[in-house]
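*Asks:* Please find the sequence and the predicted model below.
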Amino acid sequence: MAASAILRVEKLKKYFPVKSLPFSRKRSFLKAVDDVTFTLHAGETLGIVGESGCGKTTVGRTIMRIYEPTSGQCWWRVGDSAETMEDFFCYKNAQMRRIRHQIQMIFQDPYASLNPRMTVQDIISEGLKANGLVSGGREMINTVADIMEKVGLLPEYMKRYPHEFSGGQRQRIGIARVIVMRPKVVICDEPVSALDVSVQAQIINLLEDLRSEFGLTYLFIAHDLSVVKHISDRIAVMYLGKIVEKTDTDRLFEAPLHPYTQGLLQAIPVPDPHQRKSGHRMLIAGDIPSPIDPPEGCRFVKRCSKAMDRCRVETPALLEVREGHEVACFLYPNPRE
Ligand code: SF4
């Protein structure tokens, strides 16, 4: 895994206003993303995992500027070096145009994300034409045919429409549309969760092959830890708008620190019945609270079996408690104190 940063996300917040009760003067907000910071290194896959509603998709969409952040910043590396903050520029909507083709997104739903009235050729070449990356004519057709082959589609189908393809093939079209732009970073937003289990592994393997062939960097968003484990170098676990743990994939699975991560790992089904009987399963109690009215103190306090008085009044910061292993939990003392 290359160690040089390509994208830095700092103190990112995205709050959505929600309708207040009649006669109420208080404005309410859904705190989808609340103070999220991480660095994406060139060539790696950083997985973001958490239950539905934890804010992981909003992180991806805010980085892409589909959503305007409430506060916080995204920094994009300008040159080859990533030594100081001067090697990065902070992008807002206006600057996004400059780097748009370098950050691309693969969406969850291959049915909804493709325009049913466009042919595969038009879908794949749309971004190329909009960004002036091909001159048109023969060059464009050759580029589309080439990328179709790379994602496992027959180029002779380029005049067909999305409804003529299966779910897995449609996601391949969605992937081709992104990779043809030669991006540096791809945000994969639950790219296999709408697909049959039998097709999921094929798409994950394709994404891995494309990552090595094109030197891509992935931010891989998913709710399924076993999917994220397969593809990620590092994993960030999100709970109710915040990152609660972040470390290398192997370490997260071997020695998870946060009680929420421990519960998520325990909830992964074990295929071997002997292992299942002997293992102690610590499942997470209750439902995820509303992000409109999150608990005071630690966001996980209402579901945590290890909660202490302090957890109800103070919010734990995400701290590096062991080398390369960050956790937001009072069970682990701040090594700098
Ligand atoms: Fe549980 Fe407290 Fe740690 Fe939160 S800070 S996860 S409530 S022990």
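*Replies:* Yes, it's here.
*Asks:* Mind telling me what element Val237 is part of?
*Replies:* Element membership of Val237 [criterion: DSSP states H and E] is strand 234-239.
*Asks:* Just confirm yes or no for that strand near the ligand.
*Replies:* No. Strand 234-239 stays clear of the ligand (C-beta under 6 Å from any ligand atom), getting no nearer than 8.8 Å. (Each C-beta comes from the backbone N, C-alpha and C, glycine too.)
*Asks:* Quick one: mean pLDDT over that strand.
*Replies:* Strand 234-239 shows a mean pLDDT of 98.
*Asks:* what residues does the stretch 151-300 of the chain put near the ligand?
*Replies:* His258, Pro259, Cys298, Phe300.
*Asks:* what about the first one, neighbour count?
*Replies:* Yep, that's His258 we're talking about. 25 (other C-beta atoms under 10 Å).
*Asks:* before we move on, what about the third one?
*Replies:* Per other C-beta under 10 Å, the neighbour tally for Cys298 reads 27.
*Asks:* Quick check, it in contact with Asp309.
*Replies:* No. Under the criterion of C-beta atoms under 8 Å, Cys298 makes no contact with Asp309, lying 11.4 Å away.
*Asks:* circling back: for the strand holding Val237, which outside residues touch it?
*Replies:* For strand 234-239, the external contacting residues (C-beta atoms under 8 Å, 6 or more residues apart in numbering) are 36, 38, 44-51, 54-56, 59, 228-229, 243-249, 252, 258, 260-261, 264, 288, 299-300.
*Asks:* and with 7 Å instead?
*Replies:* 38, 44, 46-50, 54-56, 228, 243-249, 252, 258, 260-261, 299-300 (C-beta atoms under 7 Å, 6 or more residues apart in numbering).
*Asks:* Show me where the stretch 201-337 of the chain has its strands.
*Replies:* For the stretch 201-337 of the chain, the strands defined by DSSP state E, counting those that start in this stretch occupy 217-222, 234-239, 242-248, 319-322, 325-327.
*Asks:* OK, contacts around Arg16?
*Replies:* You called it Arg, but residue 16 is Phe. Residues near Phe16 by C-beta under 7 Å, 6+ apart: Phe29, Leu30, Ala32.
*Asks:* show me where pLDDT drops low in the chain?
*Replies:* For the chain, applying pLDDT under 70 flags the ranges 1-3, 21-25, 80, 82-83, 270-283.
*Asks:* Give me the neighbour count for Gly324.
*Replies:* Residues near Gly324, counting by other C-beta under 10 Å, number 10.
*Asks:* so how far is Ser198 from it?
*Replies:* Going from Gly324 to Ser198 by C-beta to C-beta, to the nearest Å gives 35 Å.
*Asks:* Where does Asp122 sit: helix, strand or coil?
*Replies:* At Asp122 the chain is in helix, as set by DSSP: H, G, I helix; E, B strand; the rest coil.
*Asks:* Quick check, central residue of this protein?
*Replies:* The structure's the chain has its C-alpha centroid closest to Ile221; by C-alpha atoms, centre = their mean the separation is 2.9 Å.
*Asks:* partner residues bridging that residue?
*Replies:* Judged by DSSP bridges, the bridge partners of Ile221 are Ile48, Asp189.
*Asks:* So it is in contact with Gly55, correct?
*Replies:* No. Ile221 lies out of contact with Gly55 (C-beta atoms under 7 Å); the separation is 10.2 Å.
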